[in-house]
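Novice: need a 3D model of the following:
(2 chains)
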Amino acid sequence: MGSKTPLFDQHQQAGARIVDFGGWDMPLHYGSQKAEHHAVRQNAGVFDVSHMTIVDLGGARVREFLQYLVANDVAKLRNYGKALYTAMLNTDGGVIDDLIIYLIADDEYRLIVNAATRVKDLAWIREQAGPYEVTVRERAELAMLAVQGPNARGLAAPCIDAAYRDAALALKPFNGLQAGDVFIARTGYTGEDGWEICVPAADAPAIWDRLLAAGVEPCGLGARDTLRLEAAMNLYGTDMDETVSPLEAGLGWTIAWDPADRDFIGRAATQALHDSVDRKRFVGLLLEDPGVLRNHQKVVVEGVGEGEVTSGGFSPTIGKSIALARVPAGDYDRAQVEVRGKMLNVRIVKTPFVRNGQIRIDI
Amino acid sequence: MSELPGDLLFTQEHEWLRREDDGTVTVGITDHAQSALGDLVYIELPETGQDVDDGGEMAVVESVKAASDVYAPMSGTVAAINDALADDPELINSDPYGDGWIVRIRPAGSIDESALMSPDAYQQFIDKLDD
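Specialist: Purely as a prediction, here's the structure:
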């Protein structure tokens, strides 16, 4: 038996198929993963993401510390509640984890890191934080719900406290607000509008129940994965890990090169790869033959070399199989993938595949 | 779990078989199997007329989650395939013992029923798996 979130009983009541995810007993789906996927693209769904790790950092030098700890620059956060997506690198430039950082106050930031990487992330952050006299406080007592979909905010608004409802509705994308123990941000992992809501564990079941009563569909990790794949959002441990540079995982945009004298961990190694012509590409693939692309399948680019599918699956929105893949450098837009002994044709497409309910590639 | 149809036989790989009046055998995957796989999105079928070997890979069912082989429960020849699955693989989810059938085989010889399970035996088999 793994760890249980404060919403475990709610999942069982809703008929969830429970699976282990990084040591947590989590809902995979509540009947149909595809139906949940479509609910998020067309209406609204709610995910229990309480397994994710919330870490609050505080101290007079916390900003300086974060400018050293992560590849993106927290100096970009100019208003309270603003979010920054970034990678935390090791000295070789590999990704220890990807995370979201919110500016809470001048001397306080909130980090949301992955569940499966919790132990190593906390150890790494604490180890690096020492000289900066930064306090590192894990907020395991908070639950987290992601309400996602074109109607998510509208349906969820009556389910949250009136005291901060209007302020929450006024949030711009990638911004959040703190109201006592509650934190609400207009962020997500689906390519749709919505909120991520952190609340004390004891309050989570009531909010969950209100959301379902309001017509928001409960959605499991299965739909979360197909939604994020369509949105071409990376999954840690699959699309990148400690041996992979953000430059070869489609995360070059999250590296802040300026100011040039900001010495973040992994900068030298990342700069060296950046200057190299041999850098691998990280691309979207659309399968043109029947079948389904899966993680770790081999990509063959004739006359160029071989790569690998890092995340593959079936896109319920497109009705075809799509994938993210790491492939050799070069100028080409077609390849083949070895699927169960057969070579199937794929086209390299510009991601995201789907965003805000719309298919964004030529199919 | 719904009641298992009484006229079927089952394999340990979660296929079901039905002997048809014309001597062929219809094969599909069980309700337990489709439920474990989740929403099916692609079915790779053999060709009609193709020979299959007992225990050999005969079809592939792919769900949103994973791909799974379907094994031939006997040697024989593929007499028919369920073409409807090409456009609607979810027939296996919605009606695994009916419209979601996968292939019909003309057995090369007699069927060794000692390797197959009755509905009751299969029910006990999957109850044990769930424990």
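
Novice: what is the end-to-end distance of stretch A:254-270?
Specialist: Terminal residues of stretch A:254-270 lie 12 Å apart, using C-alpha to C-alpha, to the nearest Å.

Novice: avg pLDDT for it?
Specialist: Averaged across stretch A:254-270, pLDDT comes to 97.

Novice: kindly report the same for stretch B:44-63.
Specialist: Averaging pLDDT along stretch B:44-63 yields 96.

Novice: let's see it as PDB, backbone CA atoms only.
Specialist: The C-alpha coordinates for stretch B:44-63 follow below in PDB (Å, rounded to 0.1, in the frame of the first residue of the first chain):
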ATOM      1  CA  GLU B  44      -4.000  -5.100 -35.300                       C
ATOM      2  CA  LEU B  45      -5.800  -8.000 -36.900                       C
ATOM      3  CA  PRO B  46      -4.500 -11.000 -38.900                       C
ATOM      4  CA  GLU B  47      -5.500 -11.600 -42.500                       C
ATOM      5  CA  THR B  48      -8.300 -13.900 -43.400                       C
ATOM      6  CA  GLY B  49      -6.900 -17.200 -44.600                       C
ATOM      7  CA  GLN B  50      -3.700 -16.800 -42.600                       C
ATOM      8  CA  ASP B  51      -2.500 -19.800 -40.600                       C
ATOM      9  CA  VAL B  52      -2.200 -19.400 -36.800                       C
ATOM     10  CA  ASP B  53      -0.300 -21.600 -34.400                       C
ATOM     11  CA  ASP B  54      -1.500 -22.700 -31.000                       C
ATOM     12  CA  GLY B  55      -0.200 -20.200 -28.500                       C
ATOM     13  CA  GLY B  56       1.200 -17.900 -31.200                       C
ATOM     14  CA  GLU B  57       0.700 -14.200 -31.500                       C
ATOM     15  CA  MET B  58      -2.400 -13.600 -33.600                       C
ATOM     16  CA  ALA B  59      -3.600 -10.000 -33.000                       C
ATOM     17  CA  VAL B  60      -2.600  -7.000 -30.900                       C
ATOM     18  CA  VAL B  61      -4.900  -4.900 -28.900                       C
ATOM     19  CA  GLU B  62      -3.700  -1.400 -28.000                       C
ATOM     20  CA  SER B  63      -5.300   0.800 -25.300                       C
END
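
Novice: hey, where'd the helices end up in the chain?
Specialist: No chain in the question, so chain A it is. A:8-13, A:33-42, A:62-69, A:118-129, A:152-156, A:162-169, A:204-213, A:221-230, A:267-274 (DSSP state H).

Novice: my bad, chain B
Specialist: Using DSSP H, helices in chain B cover B:31-37, B:84-87, B:91-94, B:119-130.

Novice: how about a markdown table for the ones you listed, with mean neighbour count, mean pLDDT and distance to A:A214 added?
Specialist: C-betas here are computed from N, CA, C, even on glycine. Below are the helices of chain B laid out as a markdown table (neighbours: other C-beta atoms under 10 Å in any protein chain shown; pLDDT from 0 to 100; distance: least, C-beta to C-beta, whole Å):
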| stretch | mean neighbour count | mean pLDDT | distance to A:A214 |
| --- | --- | --- | --- |
| helix B:31-37 | 20 | 95 | 29 |
| helix B:84-87 | 14 | 95 | 35 |
| helix B:91-94 | 19 | 97 | 28 |
| helix B:119-130 | 13 | 92 | 34 |
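
Novice: save those as JSON lines, and put in distance to chain A too.
Specialist: JSON lines is the format used below for these (distance: least, C-beta to the nearest C-beta, whole Å):
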{"stretch": "helix B:31-37", "distance to chain A": "8"}
{"stretch": "helix B:84-87", "distance to chain A": "8"}
{"stretch": "helix B:91-94", "distance to chain A": "8"}
{"stretch": "helix B:119-130", "distance to chain A": "12"}
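
Novice: residues in the stretch 1-150 of chain A within reach of chain B, list them.
Specialist: When proximity is defined as C-beta under 8 Å from any C-beta of the partner chain, the stretch 1-150 of chain A approaches chain B at A:L28, A:H29, A:S32, A:Q33, A:K34.

Novice: if we can go back for a sec, rebuild the helices of chain B as a markdown table, extending it with distance to A:A143.
Specialist: Output for these, formatted as a markdown table (distance: least, C-beta to C-beta, whole Å):
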| stretch | distance to A:A143 |
| --- | --- |
| helix B:31-37 | 29 |
| helix B:84-87 | 41 |
| helix B:91-94 | 32 |
| helix B:119-130 | 29 |
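
Novice: nearest to B:E15, out of those helices?
Specialist: Nearest of these to B:E15, taken as C-beta to C-beta: helix B:31-37 at 7.8 Å.

Novice: what comes into contact with the closest one?
Specialist: B:1-2, B:4, B:14-15, B:29, B:40, B:61, B:63, B:65-66, B:68, B:92-93, B:96-97, B:100, B:126 (C-beta atoms under 8 Å, 6 or more residues apart in numbering or on different chains).

Novice: weed out the non-buried ones from those residues.
Specialist: B:4, B:14-15, B:29, B:40, B:61, B:63, B:65, B:68, B:92-93, B:96-97, B:100, B:126 (16 or more other C-beta atoms under 10 Å in any protein chain shown).

Novice: could the helices of chain A go into JSON lines alongside mean neighbour count?
Specialist: Formatted as JSON lines, the helices of chain A follow (neighbours: other C-beta atoms under 10 Å in any protein chain shown):
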{"stretch": "helix A:8-13", "mean neighbour count": "17"}
{"stretch": "helix A:33-42", "mean neighbour count": "23"}
{"stretch": "helix A:62-69", "mean neighbour count": "21"}
{"stretch": "helix A:118-129", "mean neighbour count": "16"}
{"stretch": "helix A:152-156", "mean neighbour count": "21"}
{"stretch": "helix A:162-169", "mean neighbour count": "14"}
{"stretch": "helix A:204-213", "mean neighbour count": "18"}
{"stretch": "helix A:221-230", "mean neighbour count": "25"}
{"stretch": "helix A:267-274", "mean neighbour count": "16"}
